[in-house]
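K.L.:
Just the structure for this:
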Amino acid sequence: MTTASVTSPAKIRPRGRGLFWAGIGLCLLGIALTVVQYNLLGWLMVPWYSPILATLGAGLLLYAVVQRRSVSRIIGLCLVAALAGFQWYMLGFMAKLPDYQGPARVGQKLPPFQTTLADGRQLTERELQDGTASVLVFYRGRW
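P.N.:
The predicted structure follows:
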C-alpha cells in the first residue's frame, strides 16, 4: 500500500503588480507635488519633477506589462504615457516665451516711461540718467 502526499500548490503571486502600482504612484506623486507647490506653498517655479516622475512611472508600467500582459496594465500604461507626453509638451513648447520685441535695446537710451515703484513713488527715465548705479528689472510674464 502506497500513500501519496498531497501538497497544496503555493499561492502564485501575479508578476509585476508592485511595479504597476509604483508606476501609478509616481505619476500621481508628481501631480500632487505640483498642486502642493502652487496652491499651498505658493512657489511659482516650473515643476520639472512632474514630467520626470510621470516618465519614470510609465517606464515602470511598461516593465509591468512586459512581466504580465493584462488589459488594465496596458490601459494604465497608455494613460500614464499620454500624461507624461502632455507634460513634456507643455514644458518644452508651451512654456517658451516669445522673443522680446520691446523698445528697450542694449546700448541705447531708454525710451520715455513713467512707472510706480513698490513704495508708491513715481519713477521716470530721467531719474536714471543722473549717473548713480541703478538696477531696472523688466519682468514680462505670460499669463
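
K.L.:
Show the residue spans covered by the strands in the chain.
P.N.:
Along the chain, counting by DSSP state E, strands occupy 114-116, 122-124.

K.L.:
From what I see, residue 112 and residue 125 are in contact.
P.N.:
Yes: using CB atoms under 8 Å, residue 112 makes contact with residue 125 at a distance of 5.7 Å. (Glycine included, C-beta is placed from N, CA and C.)

K.L.:
one step back: let's have the strands of the chain in JSON lines, adding mean neighbour count, distance to residue 43 and mean pLDDT.
P.N.:
Compiled in JSON lines, these are given as follows (neighbours: other CB atoms under 10 Å; distance: least, CB to CB, whole Å; pLDDT from 0 to 100):
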{"stretch": "strand 114-116", "mean neighbour count": "9", "distance to residue 43": "26", "mean pLDDT": "85"}
{"stretch": "strand 122-124", "mean neighbour count": "12", "distance to residue 43": "29", "mean pLDDT": "86"}
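
K.L.:
need those strands in TSV with distance to residue 133, can you?
P.N.:
Listed next are the strands of the chain as TSV, based on distance: least, CB to CB, whole Å:
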stretch	distance to residue 133
strand 114-116	19
strand 122-124	15
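
K.L.:
before we move on, the earlier item: between residue 112 and residue 125, which has more neighbouring residues?
P.N.:
Per other CB atoms under 10 Å, whichever of residue 112 and residue 125 has more neighbours is residue 125, with 14 against 9.

K.L.:
if you skip the residues just before and after it, what's nearest to the more buried one?
P.N.:
residue 110 (4.5 Å; CB to CB, 6 or more residues apart in numbering).

K.L.:
same thing with residue 113?
P.N.:
Nearest residue to residue 113 in three dimensions, chain neighbours excluded: residue 125, at 5.5 Å (CB to CB, 6+ apart).

K.L.:
Identify the residues contacting the one you found.
P.N.:
Neighbouring residues of residue 125 by CB atoms under 8 Å, 6 or more residues apart in numbering: 109, 110, 111, 112, 113.

K.L.:
Kind regards, and thank you for your time.
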